[in-house]
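>>> would you be able to build a 3D model of this:
(one chain, ligands or ions: 1)
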Amino acid sequence: MSPIASEYVVTPPAIVGAPIKGAEQLFPVRRVYCIGRNYAAHAIEMGHDPDREPPFFFQKNPDNLDFSGTFPYPAKTSDVHHEIELVVALKAGGTNIAIEDALAHVYGYALGLDMTRRDLQGEMKKMGRPWEIGKAFEHSAPMGPIVQASEIGHPSTGRIELSVNDKVRQTGDLNQLIWKIPEMIAYLSEYYELAAGDLVFSGTPAGVAAVEKGDVMVCKIDGFDNFKVAVI
Ligand code: MN
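The predicted structure is shown next:
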């Protein structure tokens, strides 16, 4: 028997599709950008000056996203932290996007978690090495369904909160973002060519801390359905 003709030597990886609230179709993910230290109180808790320095970004891999509401405790860490974040989903991209045009590129928003192997990240920081091993690992980006901007608007204010086992750990307000969503998109587009399918995790408020197997995290942002994630 002859093999099925294919232009690829192995099976191509699947496109990662993020669920959309109230829709059957999925949002195809291209890249996952994350901004660091974007709430003053979190910058301070991590030992940094909260002044408005230029933003910095790192990336997770699209297949690090997990929409199942579970977070398998990762390998090679004993200090994995939750970081609740508002996630921005882009429907269009480009370079050098003007701040005033940025929101026209947004498809919608979601609740997300930038789960972090803090011990590994800390070792890399100390050695001046890249953070990937602390940030971009399997299941490191649990995410709730995307809510279309046509439904939720463009949230710039509202409580953001994460609790673990019914105890509040992280709290803040979207109006405390050091770099606002339009500024983040404009800035990123100076360094990268953004495109439809890109996600941007917008940073986390203060209160990051470790989770253990068996914990249940509940993410809340005003206007969104709560997003619950069990650590398994
Ligand atoms: Mn983060």
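>>> count the residues that sit near residue 210.
Using other C-beta atoms under 10 Å, the number of residues around residue 210 comes to 16. In short, each C-beta sits where N, CA and C put it, glycine included.
>>> bridge partners for the nearest residue to residue 211 once chain neighbours are set aside, pull those for me.
Excluding its sequence neighbours, the residue lying closest to residue 211 (C-beta to C-beta, 6 or more residues apart in numbering) is residue 231, at 5.0 Å. Per DSSP bridges, residues listed as beta-bridge partners of residue 231: residue 71.
>>> give me the pLDDT for residue 231.
The confidence metric pLDDT takes the value 98 at residue 231.
>>> how close does it get to the ion?
Between residue 231 and the ion the computed distance is 17 Å (C-beta to the ion, to the nearest Å).
>>> next one: residue 19
Distance from residue 19 to the ion, by C-beta to the ion: 22 Å.
>>> tell me which residues touch that residue, please.
26-27, 67, 145-146 (C-beta atoms under 8 Å, 6 or more residues apart in numbering).
>>> how far away is residue 94 from residue 18?
For residue 94, the distance to residue 18 equals 21 Å [C-beta to C-beta, to the nearest Å].
>>> same check on residue 55?
23 Å.
>>> and the one residue sitting closest to the centre of the chain, what does it touch?
The centroid of the chain falls nearest to residue 201 when counting by C-alpha atoms, centre = their mean (3.3 Å). By C-beta under 8 Å, 6+ apart, residue 201 lies in contact with 32-35, 60, 85-87, 112, 114, 141.
>>> ok, now how distant is it from the ion?
In terms of C-beta to the ion, residue 201 sits 6 Å off from the ion.
>>> near whichever residue of the chain sits closest to the ion, how many other residues are there?
Residue nearest to the ion within the chain (C-beta to the ion): residue 114, separated by 3.4 Å. Neighbours of residue 114 under the rule other C-beta under 10 Å: 27.
>>> and the pLDDT at it?
98.
>>> now do residue 60
98.
>>> can you tell me which residues contact the residue nearest to residue 211?
70-71, 73, 211-217 are the contacts of residue 231 under C-beta under 8 Å, 6+ apart.
>>> let's see that with 7 Å instead.
71, 73, 211-215 (C-beta atoms under 7 Å, 6 or more residues apart in numbering).
>>> export those to a markdown table and tack on neighbour count and secondary structure?
Below are the contacts of residue 231 laid out as a markdown table (neighbours: other C-beta atoms under 10 Å; DSSP: H, G, I helix; E, B strand; the rest coil):
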| residue | neighbour count | secondary structure |
| --- | --- | --- |
| 71 | 24 | strand |
| 73 | 16 | coil |
| 211 | 21 | coil |
| 212 | 11 | coil |
| 213 | 10 | coil |
| 214 | 10 | coil |
| 215 | 16 | coil |
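>>> is the helix ranked longest in the chain anywhere near the ion?
Criterion DSSP state H: the longest helix present in the chain is helix 181-191. No. Applying C-beta under 5 Å from the ion, one finds helix 181-191 separated from the ion by no less than 12.6 Å.
>>> stretch 107-124: how far from the chain's middle?
Put simply, stretch 107-124 sits 7 Å off its chain's centre (C-alpha atoms, centre = their mean, to the nearest Å).
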